[in-house]
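*Asks:* Take a look and give me a structure for this.
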Amino acid sequence: MGINELLERQKMSKYRLSKESGVPYTTINQICNGKVRIEKCSAETLYKMSKILGVSIEDLVEDKGGDPK
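*Replies:* Numbering: from 1, shown residues only. Modelled structure (predicted):
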């Protein structure tokens, strides 16, 4: 499940995730738009986002946005 799907399921906007997690909106937006690979994010960023989204860091990183390879 990708970050966009997690946000949709939780009825959460990227802006709200940014405010609640402390991760800059620009960073979240770039991850959601595929401009930044989530695997390249710092552990702190991953931790903050996973905590607010209620998933493990592994679940956040392992997802490839539904791109089967």
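*Asks:* make it CA atoms for all contacts and neighbour counts henceforth
*Replies:* Fine.
*Asks:* contacting residues around the longest helix along the chain?
*Replies:* For the chain, the helix with the greatest residue count under DSSP state H is helix 43-53. Identification of contacts with helix 43-53 by CA atoms under 8 Å, 6 or more residues apart in numbering yields Leu6, Leu7, Gln10, Leu17, Glu20, Ser21, Gly22, Val23, Ile38, Ser56, Ile57, Leu60.
*Asks:* mind redoing it with 7 Å?
*Replies:* Helix 43-53 is contacted by residues Glu20, Ser21, Val23, Ser56, Ile57, Leu60 when judged by CA atoms under 7 Å, 6 or more residues apart in numbering.
*Asks:* so which of these is the most crowded?
*Replies:* Counting neighbours by other CA atoms under 10 Å, the top entry in those is Leu60, with 22 neighbours.
*Asks:* burial count for the closest residue in space to Leu7 that isn't next to it in sequence?
*Replies:* Nearest in space to Leu7, with sequence neighbours left out and distances taken as CA to CA, 6 or more residues apart in numbering, is Ser13 at 6.4 Å. Residue neighbour count, defined by other CA under 10 Å, stands at 12 for Ser13.
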